[in-house]
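Undergrad: here is my input; please provide its structure:
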Amino acid sequence: VVILSLLMYPVLRSLALQLHSAVTGSYISGTHSVAFINCLNEQIAKDIARAIMDKKLAAYVNILPKSLALYFWKGELEESTEILLLVKTRTSKIGELSNYVRSIHPFEIPEIISLPIDQGNPLYLKWIEESVPRD
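TA: Next comes the predicted model:
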């Protein structure tokens, strides 16, 4: 019984927070996230961004211009230019987004990291909510 209660705690907490949000109209910190995805060039970035949008895994994708990247790869210091995608989505979609991007990305190990959105414009956050289907 104790184990079952502990396993159910995250689910019950999530439901309680969703109910509170629905009743009060307040935003639950971390409900949405911004994912960062690096790409080799602009065409690959556009292709991946469009694929993400076609799958409805995000409400919005920014394609940022070239930036210089320094990193270690196989023990050597590398330098290259990259394009960065900023993907706004539900936090619950990050796993699916990451799996999908890894399946279509040309890099052996693409950068796919996310940060939860703590606060923001309530109308924008509601728009993300409405634009990305629930699980």
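Undergrad: every contact and neighbour count from this point should use C-alpha atoms.
TA: Fine.
Undergrad: which residue, other than its chain neighbours, is closest to the spatially most central residue of the chain?
TA: For the chain, the residue nearest the mean C-alpha position is Ala35 (3.6 Å; CA atoms, centre = their mean). Using CA to CA, 6 or more residues apart in numbering and skipping the chain neighbours, the partner closest in space to Ala35 is Ser114 (4.0 Å).
Undergrad: work out for me the element the one you found sits within.
TA: strand 112-116 (DSSP states H and E).
Undergrad: name the strands paired with that strand and say parallel or antiparallel.
TA: Strand 112-116 pairs in its sheet with strand 32-39 (antiparallel), by DSSP bridges.
Undergrad: if I pick Leu57, what's in contact with it?
TA: By CA atoms under 8 Å, 6 or more residues apart in numbering, the contact set of Leu57 is Thr89, Lys93, Glu96, Leu97, Val132, Pro133.
Undergrad: give me the buried entries from the residues you listed.
TA: Among those, those scoring as buried are Thr89, Lys93, Leu97, Val132 (criterion: 16 or more other CA atoms under 10 Å).
Undergrad: determine which two of those residues are furthest apart.
TA: Leu97 and Val132 (11.7 Å; CA to CA).
Undergrad: surely Tyr60 touches Val87?
TA: Yes - between Tyr60 and Val87 there is a contact under CA atoms under 8 Å: 6.0 Å.
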